[in-house]
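J.: one predicted model, sequence on top.
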Amino acid sequence: MSTLVAAVRSVVTYVVVALYVAVAGPIGLAIAVPLRLKGLLYELGHIGVMLALGLAGIRYRVRGREHVPVGQAVVFCSNHQSNVDPPVLFRALHRRLHILYKAELSKLPILGTVIQVGGFIPVPREQKEAAMGAIEQAAASIRSGNSFLIFPEGTRSRTAELLPFKKGGFIMAIKAQAPIVPVAISGGRDAMRKGSAIVRPVNVDVRIGEPVPTKGLSVDDRDELITVVRERIEALLRQ
């Protein structure tokens, strides 16, 4: 696809999604907050993500769904290569996927309120004590039955190599005694080139691996757990 066509398509995507958030967000909040219908916000979120991916031409294929435990909260742990990874995984992994996110995103108009009401957990990166409080809050949410997605690299990798894994998400899983489901996502890096806002159509591949149990582990076992999960993701990326 030519750059011009991709640029026009990108503008259309941004405009449509912005309008959708501006209209659906306030309406959803007005209904969901007083009636405690968090599920409504998730359904509206899935519609918005489907719009964005469809208009931008982002297609994805999922393999390994059979590895996701049924009726049990889990922590999905994925590598991170591109800006399209979060919306694709939001659609592909779980109908009510919770996420640890940068606290500054809470300042976004409408969307910031939606993700907070939806049960996403803000993590202040520069405040270690507050960050650990967020981990405790997320662990409690998992114990109540909510599944989470973490990107342990903390940011996008610019190469095919995994960046060092941060420990917070693994501590969260151990505290919740929830299994970690390794996920490998690839193909999205070419969707948005560095420094460009143009979104190009791509095919994304999502591979889900067998869960890694944390039952019986303590926080002292976090480094060994990280090693196992990292090896699983690397193996999925090679498939």
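T.: Nice, I can see it.
J.: end-to-end on stretch 46-66?
T.: End-to-end span of stretch 46-66 (Cα to Cα, to the nearest Å): 22 Å.
J.: buried set for the longest helix anywhere in the chain?
T.: In the chain, assigned by DSSP state H, the helix with the most residues is helix 3-35. For helix 3-35, a neighbour-count test (16 or more other Cβ atoms under 10 Å) marks 6-7, 9-10, 13, 17, 21, 24-25, 28-29, 32 as buried. Glycine gets a C-beta too; all of them are placed from N, C-alpha and C.
J.: who does the helix or strand that it is followed by touch, helix- and strand-wise?
T.: Next along the chain after helix 3-35, taking DSSP states H and E as the criterion, comes helix 38-56. Here helix 38-56 touches helix 3-35, strand 58-63, helix 85-93, helix 111-117, going by 3 or more Cβ pairs under 8 Å, 6 or more residues apart in numbering; DSSP states H and E.
J.: residues contacting helix 38-56, please?
T.: 9-10, 12-13, 16-17, 20-21, 24-25, 28-29, 31-32, 58-60, 84, 87-88, 90-91, 95-96, 114, 117-119, 191, 199, 201 (Cβ atoms under 8 Å, 6 or more residues apart in numbering).
J.: count of neighbours near residue 179?
T.: When neighbours are counted by other Cβ atoms under 10 Å, residue 179 registers 18.
J.: and it, how far from residue 44?
T.: 29 Å (Cβ to Cβ, to the nearest Å).
J.: now the spatially most central residue of the chain. Nearest residue, chain neighbours left out?
T.: Central residue of the chain (Cα atoms, centre = their mean): residue 86, 4.3 Å from the mean position. Using Cβ to Cβ, 6 or more residues apart in numbering and skipping the chain neighbours, the partner closest in space to residue 86 is residue 99 (7.5 Å).
J.: strands paired with the host helix or strand of the one you found, and their directions?
T.: Per DSSP H and E, residue 99 falls inside strand 98-102. Applying DSSP bridges, strand 98-102 is found paired with strand 121-123 (parallel), strand 148-150 (parallel).
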